[in-house]
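*Asks:* here is my input, please return the structure:
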Amino acid sequence: MGRPLSPDHADAVRLEEVLAADFVEYRRRRLPFWTDPTPAPVPEGIEPWPHDPGPPFEQWPGLTPAMPATSAGSTPEEAASSLLAGLIETCEFGLDECCLVLVPAHRSSDALALIGWSAGAPLPLLCALLRSWEDRFGAQVVAAFGSELHVSVARPLVEAEHASRLALEHVLSTADNIVDDPPTPFPEYATDLVGRTSWSFWWD
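*Replies:* The predicted model follows:
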């Protein structure tokens with residue numbers, strides 16, 4: 001935990017403008033790798049990393065459209081409870097060392113700011129993204145452990161045509177596990193988001 005951050009900092013983030021500028025820089029750095037299919041050198045005995053063609057966009061495509069709530073779908077509270085139950089069952093990320101934290105937040109997307117969560121993530125941008133995901137997908141912050149963040153999704157993507165846009169939002173969160181660790185081609189990561197009811201992020 002670090003110093004608490006006022007949610008006003010997330011209010012000040014012009015999300016579309018920030019992500020559009022961040023995509024320009026991200027594309028500038030990554031384009032040489034996307035356009036060169038030559039496998040990157042790896043130690044002997046290690047499988048070569050798969051070639052990543054990158055996102056299919058030359059310019060920022062805009063935020064992913066919101067997924068509508070349906071009577072057959074889960075509520076945000078139900079999705080969060082389901083994810084928490086799964087984390088408890090698997091204990092795959094050290095849940096036995098976690099504590100229950102009650103945060104005086106009006107929405108779960110502000111909780112990380114109010115507890116001063118420090119994990120190398122750009123907190124104002126991350127909280128602005130989480131707010132937007134909460135509005136569009138019923139996303140809820142469920143667990144934060146070390147530098148890991150686990151988010152439930154009540155209204156997951158159902159149309160593959162929007163998957164690349166959502167995957168790009170995940171990439172621009174700056175999390176180190178998105179497409180990079182383990183190395184995952186962008187199209188593969190995007191396809192896997194369709195129907196997923198939880199997202200995980202970590203920062204190195």
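*Asks:* strands along the protein, start to end?
*Replies:* Ranges of strands within the chain are 139-145, 148-153, 198-202, based on DSSP state E.
*Asks:* okay if I get those strands as TSV plus mean neighbour count?
*Replies:* Glycine gets a C-beta too; all of them are placed from N, C-alpha and C. Conversion of the strands of the chain to TSV gives the following (neighbours: other CB atoms under 10 Å):
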stretch	mean neighbour count
strand 139-145	21
strand 148-153	23
strand 198-202	19
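*Asks:* mind putting those strands in TSV, mean pLDDT included?
*Replies:* Shown next, in TSV, are these (pLDDT from 0 to 100):
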stretch	mean pLDDT
strand 139-145	92
strand 148-153	95
strand 198-202	95
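*Asks:* and the ones you listed: which comes nearest P43?
*Replies:* strand 198-202 (23.4 Å; CB to CB).
*Asks:* what strands line up against that closest one, and which way round?
*Replies:* Using DSSP bridges, the strands paired with strand 198-202 are strand 148-153 (antiparallel).
*Asks:* picking up where we left off before, so which of the strands of the chain comes closest to L166?
*Replies:* Closest of the strands of the chain to L166 is strand 198-202, at 9.3 Å (criterion: CB to CB).
*Asks:* what's the angle from that closest one to strand 139-145?
*Replies:* 40 degrees (axes from the mean of the first three to the mean of the last three CA atoms, to 10 degrees).
*Asks:* and the gap between the residue most central in space within the chain and D180?
*Replies:* The chain has H170 as the residue nearest its centroid, 4.1 Å off, counting by CA atoms, centre = their mean. When distance is defined by CB to CB, to the nearest Å, H170 is 11 Å away from D180.
*Asks:* again, but for R131
*Replies:* Computed as CB to CB, the R131 to D180 distance reads 25 Å.
*Asks:* who's more crowded, the two?
*Replies:* R131 (20 against 14; other CB atoms under 10 Å).
*Asks:* what about E188, how many neighbours?
*Replies:* Around E188 there are 12 other residues, counting by other CB under 10 Å.
*Asks:* let me see the contact set for the residue nearest to H9 when sequence neighbours are not counted.
*Replies:* In this structure, H9 finds its nearest non-sequential neighbour in P124, 4.1 Å apart by CB to CB, 6 or more residues apart in numbering. Contacts of P124 were listed using CB atoms under 8 Å, 6 or more residues apart in numbering, and they are L5, H9, A10, A12, V13, A113.
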